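*Asks:* next input, structure requested:
(2 chains)
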Amino acid sequence: MKTLRKNGGLLLLALPGIVVLFIFQYVPLYGLLLPFKDYRYDLGILNSPWTGFDNFTYLFNGNSLQRALRNTLSYNFVFIVLGTSISVFVALLFRELGRGGVKVYQTVLFIPYFISWVVAGFAFRALLDMDYGVLNQVLGWFGQEPIMWYNEAKYWPFILIVAAVWKGLGYSAVIYYAALMGIDSEYYEAAKIDGASRFRQAISISVPMIAPIIIMLVILNIGKIFYSDFGLFYNVTLNSSQLYPTTDVIDTFVYRSLIDMGDLGMASAAGFFQSIVGFVLVLLTNYIVRKVNSDNALF
Amino acid sequence: MNTSTTKRPPVSWGQVFTHLGFIVFCAVSLYPFLVVVGTSFQNEGEIIRKGYSVIPSLLDFSAYKMILHDPTTLIRSYIVTIGTTALGAIAGLWITASYAFAIVRKDFAYRKQLSFYVFFTMLFNGGMVPSYILMVRWLDLKDTIWALVLPMLISGWHVMLMKGFLQSVPDALYESAKIDGAGEFTIFTRIVLPLAKPALATVGLFLLLEHWNDWWLTLLYIENENLMKLQYILIRVLRNMEFLNSAEAMQYGLVKEGQQVPSLGARMAMCVLAAGPMLVVFPFFQRYFVQGLTVGAIKG
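*Replies:* Numbers count the residues shown, from 1 in each chain, chains lettered A, B, ... in the order given. Predicted structure coming up:
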């Protein structure tokens, strides 16, 4: 009681946050029971009859989830590897140019960060539009037949990777660049005296020094490997169903099951799988990193 | 006698190539936006003949004239977007800052528990379906303005960001204020908030950006035409190829029946009108975003 009175002021300040987090983050956890239930709106979650693992058997026997799962994991794997290496590479180049030259490039590359995936959808539509888009015009100059971009799934892995890198590059390069700027210049001076080339300095000083941040961001991304940026897969593709073989991911699958098909059992089972496996993955990667080097661990 | 020219090494070929590379890269990065803007000023006939282009052969404002002829939908959507963004950012900023202030205080008994309480939400959540049921069934917020504000009030990442900033305020400041008899609320409003202006600006801008760009909450929770945010209106325009010739557009009053309209350019013009203004504003505050991202990544 005494601690409560002593800390009352701060507790009161934190209270709005506690309440909002409770309602919008903790109460929904109760919904994790959903996939084990045959949910009926009139009965509510708790009183709906149990169904055991029916929803999961149903879900995993269907082809849609397997496809979404495969797409989600492949895209995220490429995004992590390619996104991280390109951003680090750009940050290293920024460093080579020095503070003066970087400003303009940094500002320009940052612009896609400020737009929503909806506006990005317009930007890609301007390029890919099947009748009037820039890419089909270019194909026309070379006497090629126009490509029906929004009907042909095979082009989309490439398009989506370009879109994701384009939108995220400015922002992640900035994080790495800031970390590079924080490195003590003495290291580089010592390396110069030893005659190390600029390339050698980048490999042996810059990259190892920012490794903790790279690792931390990679861990966070591995933890989210079952999640996708819904907007990218929904808006840039115009949600064209012909593209689903290469563009359907777990998030779009859950959304479609819930909103378009109203299949609560399937949607909640897929969501449950995503939450639990994602959580286990964060714990696991963090555990491994802590074993290797405890300074780099997240918690 | 060392002059600055001798200190600075001559520009190397490597640097020249790097600059050239970046210039090309930046041009490619901006190009799609320029096509959107260019097309919005293009004559309908020219679009059909030659396709979208960055530089129209002559400036044609008919796409804009057509949208602005009866801009009710656009204006209503702007009001909804501005209103929810302002409300969400101000309330969100207060909640985030006060929560972060509490968990940053070393003399707060529940500091550890409440830090975990917010950190856990970053690692684990129930996902889309339970949130949907919560919003629609339990809180009955479908088709209300609250559905566009409440779910984004507080996020773990914003709290961590704010905490990263507030950690640099010395504890001695709070202690001396306490000795002078100030309550926590007074310390927060009179000392912390004025000191934390850069932090508030950063987190506030992130909140503004997220609320402004949000279409997800409208997609899930709004069916009432009067409550739709700009970005969601844009999704409809983007999807529907011949949007402005459609029955839907007539129903919005965007088009009179039987009137031939510049639908292709108008789609892009709609995008420019809805997204353009903020896209010009945000880059001016890029400094704060960069600061936030780095503090968030390094200290968070």
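*Asks:* only C-alpha atoms from now on, for both contacts and neighbour counts.
*Replies:* Noted.
*Asks:* quick check: domain ranges of chain B?
*Replies:* B:16-60, B:72-222+B:281-298 (automatic domain parsing).
*Asks:* those domains: lowest mean pLDDT?
*Replies:* Looking at the domains of chain B, the lowest mean pLDDT belongs to domain B:16-60 (a mean of 85).
*Asks:* how far does that one stretch from one end to the other?
*Replies:* 40 Å (CA to CA, to the nearest Å).
*Asks:* right, is it up against chain A?
*Replies:* Yes - counting by CA under 8 Å from any CA of the partner chain, chain A is contacted by domain B:16-60 at B:18-19, B:22-23, B:26, B:29-30, B:32-33, B:35-36, B:47-48, B:50-53.
*Asks:* now these: which count as buried?
*Replies:* B:18-19, B:22, B:26, B:29-30, B:32-33, B:35-36, B:47, B:51-53 (16 or more other CA atoms under 10 Å in any protein chain shown).
*Asks:* so which of those comes closest to chain A?
*Replies:* residue B:51 (4.0 Å; CA to the nearest CA).
*Asks:* what does the stretch 201-300 of chain B have sitting close to chain A?
*Replies:* B:209, B:213-214, B:231, B:234-235, B:238-239, B:268, B:271, B:275, B:279, B:282-283, B:286, B:290, B:293-294, B:297-298.
*Asks:* quick one: mean pLDDT over the lengthiest helix in chain A.
*Replies:* Among the segments of chain A that qualify as a helix by DSSP state H, the longest is helix A:84-114. For helix A:84-114, mean pLDDT rounds to 87.
*Asks:* helices or strands up against it?
*Replies:* If you count contacts as 3 or more CA pairs under 8 Å, 6 or more residues apart in numbering or on different chains; DSSP states H and E, helix A:84-114 packs onto helix A:156-181, helix B:13-40.
*Asks:* angle of it against helix B:13-40?
*Replies:* Helix A:84-114 and helix B:13-40 are oriented at 40 degrees to each other (axes from the mean of the first three to the mean of the last three CA atoms, to 10 degrees).
*Asks:* which parts of helix A:84-114 are buried?
*Replies:* A:84, A:86-97, A:102, A:105-114.
*Asks:* what's the first helix or strand after that helix?
*Replies:* helix A:117-128 (DSSP states H and E).
*Asks:* for that next one, name the packing helices and strands.
*Replies:* helix A:134-141, helix B:13-40, helix B:230-239, helix B:263-281.
*Asks:* could you export the ones you listed as a markdown table, including distance to residue A:22?
*Replies:* Formatted as a markdown table, the helices and strands packed on helix A:117-128 follow (distance: least, CA to CA, whole Å):
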| stretch | distance to residue A:22 |
| --- | --- |
| helix A:134-141 | 49 |
| helix B:13-40 | 41 |
| helix B:230-239 | 28 |
| helix B:263-281 | 33 |
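*Asks:* quick one: low-confidence parts of chain A?
*Replies:* A:1, A:99-100, A:295-299 (pLDDT under 70).
*Asks:* ok so, going back, to residue A:177, which of the helices and strands packed on helix A:117-128 lies closest?
*Replies:* Of all those, it is helix B:13-40 that lies closest to residue A:177, at 15.2 Å by CA to CA.
*Asks:* quick one: the helices in the stretch 1-150 of chain B?
*Replies:* B:4-7, B:13-40, B:44-50, B:62-69, B:72-104, B:111-123, B:128-133 (DSSP state H, counting those that start in this stretch).
*Asks:* who wins for proximity to residue A:66 among these?
*Replies:* helix B:128-133 (19.3 Å).
*Asks:* name the helices or strands packed onto that closest one?
*Replies:* helix A:264-292.
*Asks:* so which bits of the helix it packs on are buried?
*Replies:* A:264-275, A:277-279, A:281-283, A:285-287, A:289.
*Asks:* for stretch A:44-61, same thing?
*Replies:* Buried residues in stretch A:44-61 (16+ other CA under 10 Å): A:45, A:48, A:50, A:54, A:55, A:56, A:59.
*Asks:* could you dump those to TSV with secondary structure?
*Replies:* Below are the buried residues of stretch A:44-61 laid out as TSV (DSSP: H, G, I helix; E, B strand; the rest coil):
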residue	secondary structure
A:45	helix
A:48	coil
A:50	strand
A:54	helix
A:55	helix
A:56	helix
A:59	helix
